[in-house]
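> Provided below for reference: sequence and predicted model.
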Amino acid sequence: MGLELGTPSVDGLRDVVGSLREWQGEETPRQLHPGDLGWYWRFGVEQTAAAVRVWSRDGVIVAVGLLDEADLVRIAFDPAVLRDVELAERVAADVAEPERGVLIAGKVYVEAPPGSLVKDLLAAAGWQLDEPWVPVRRDLSEPVPAPELRVDVIGAEEAHERVTVQRESFEGSTFTNERWFNMADGIPYADARCLVGRNQLGESVAAVTVWSAGEGKPGYLEPMGVHRMHRGRGYGEAITVAAAHHLQEMGASSAYTCTPAFNVGAVATYEAAGFVRQPDLRDLFRDA
């Protein structure tokens, strides 16, 4: 059969999520996490399946791409084939040629894990480095104290509160109650929690969703936000500590997330919550 590129069926998403979980590890490069797919699931299972690309070798998944946008694909690899020449050449060709059904024509972006051969091949073909992103990580081998903030795990009855904080944290957010339920119905959400932080009046002031990839594997924060009416009071730091605390309870080996380098406030918040800045990451882009 050799290498094949395809789009999974709705039922095939279970294998995709399973592969992404398996590929996470402390000794492997940070790459697309099951939580990334879980957060995208808010658009519905059919749209999620349509946004996924799978590279398989002899019927076994070896790479997964998520089209976060029509012009951006985020690719994860089985760590065993990160430098596989045949696979890298195939992926590089597939993302470069619009007729292959991955990226559109014009200016496009590719996120791939550090050390992957496909990044070297694209750079050699003239793709350029985009603006830096800052990964931050907190080791969870030592106990994480509970935050000095009331934090509730959100279920269906309180979903509207999680949605409200999201919409008030990010300008232009399209999150809705329906999209929360789509996300919560997704396969990755079986290993996730939505957390809402409350002030002394019981008002929802901050929120985060945390995603586990399984016992002993890195956990992921996506997204975290503070209500615009309650900023500057330490709630971002507190909800981030809560995220690490809950991921530790879920068996994660570490907690991490990534934010644009220009968002210095977010980086400072994560560092205040005990996260350590890691080397910058950059996507590759091709001009139109």
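The structure has been received and is ready for your questions.

> longest strand in this structure, by residue count?
Using DSSP state E to define each element, the chain has its longest strand at strand 128-139.

> who's in contact with Pro113?
Thr28, Pro29, Arg30, Gln31, Ile75, Ala76, Phe77, Leu82 (C-beta atoms under 8 Å, 6 or more residues apart in numbering). In short, each C-beta sits where N, CA and C put it, glycine included.

> how much space between the second one and Tyr40?
With distances defined as C-beta to C-beta, to the nearest Å, the gap from Pro29 to Tyr40 amounts to 21 Å.

> show me where the stretch 1-150 of the chain has strands.
3-6, 52-57, 60-69, 72-77, 108-111, 128-139, 150-153 (DSSP state E, counting those that start in this stretch).

> follow-up on the earlier one: looking at Pro29 and Tyr40, which one has more neighbours?
Legend: neighbour count by other C-beta atoms under 10 Å for Pro29 and Tyr40, higher for Tyr40 (22 against 16).

> do I have it right that that one meets Ala49?
No: counting by C-beta atoms under 8 Å, Tyr40 does not reach Ala49; the two are 10.4 Å apart.

> Met224 versus Gly236, what's the distance?
Distance from Gly236 to Met224, by C-beta to C-beta: 7 Å.

> thinking again about what came up before, helices or strands next to the longest strand of the chain in the packing?
For strand 128-139, the elements it packs on are strand 254-260, helix 264-272, strand 276-277, strand 281-286, judged by 3 or more C-beta pairs under 8 Å, 6 or more residues apart in numbering; DSSP states H and E.

> what's the most buried one of these?
With neighbours defined as mean count of other C-beta atoms under 10 Å, the helices and strands packed on strand 128-139 peak in mean count at strand 254-260, which reaches a mean of 21.

> Provide the strand pairings for that strand, with the direction of each partner.
As defined by DSSP bridges, the strand partners of strand 254-260 come to strand 128-139 (antiparallel), strand 218-226 (parallel).

> can you lay out the ones you listed as a markdown table showing distance to Glu271?
What follows is those, written out as a markdown table (distance: least, C-beta to C-beta, whole Å):
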| stretch | distance to Glu271 |
| --- | --- |
| strand 128-139 | 7 |
| strand 218-226 | 14 |
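
> just tell me which of the ones you listed ends up closest to Ala156.
Each of the strands paired with strand 254-260 has some distance to Ala156 by C-beta to C-beta; the shortest is strand 218-226, at 19.6 Å.

> buried residues, that closest one. List them.
By 16 or more other C-beta atoms under 10 Å, the buried positions in strand 218-226 come out as Pro218, Gly219, Tyr220, Leu221, Glu222, Pro223, Met224, Gly225, Val226.

> so how far does stretch 245-256 reach from one end to the other?
Start-to-end span of stretch 245-256 (C-alpha to C-alpha, to the nearest Å) is 12 Å.

> contacts for it?
If you take C-beta under 8 Å, 6+ apart as the criterion, stretch 245-256 is touched by 26, 30, 135-141, 143-147, 153, 191, 193, 195, 210, 212-221, 243-244, 275, 278.

> equivalent analysis for stretch 195-206, please.
The contact list for stretch 195-206 (C-beta under 8 Å, 6+ apart) reads 147, 149-154, 158, 161-162, 164-165, 169, 207-210, 224-227, 230, 233, 235-236, 238-239, 242-243, 246.

> which ones among these map onto strands?
In this view, the contacts of stretch 195-206 that belong to strands under DSSP E are Arg150, Val151, Asp152, Val153, Ala207, Val208, Thr209, Val210, Met224, Gly225, Val226.

> list buried residues within these.
Val151, Asp152, Ala207, Val208, Thr209, Val210, Met224, Gly225, Val226.

> from Val136, how far out is the first one?
Counting by C-beta to C-beta, the gap between Val151 and Val136 amounts to 20 Å.

> just Pro143 next, same as before
For Pro143, the distance to Val136 (C-beta to C-beta) stands at 20 Å.

> of those two, who's got more company?
Under the criterion of other C-beta under 10 Å, the comparison of Pro143 against Val136 puts Val136 first, with 22 against 8.

> the more buried one and Thr269 touch, don't they?
No: using C-beta under 8 Å, Val136 makes no contact with Thr269, being 9.4 Å away.

> now Arg53, which residues is it bridged with?
Counting by DSSP bridges, Arg53 forms beta bridges with Gly65.

> neighbours of it, just the number please.
Neighbour count for Arg53, taken as other C-beta under 10 Å: 24.

> tell me which residues touch it, please.
Contacts for Arg53 (C-beta under 8 Å, 6+ apart) come out as Leu5, Gly6, Thr7, Val64, Gly65, Leu66, Leu67, Val73, Asp94, Gly101, Val102.
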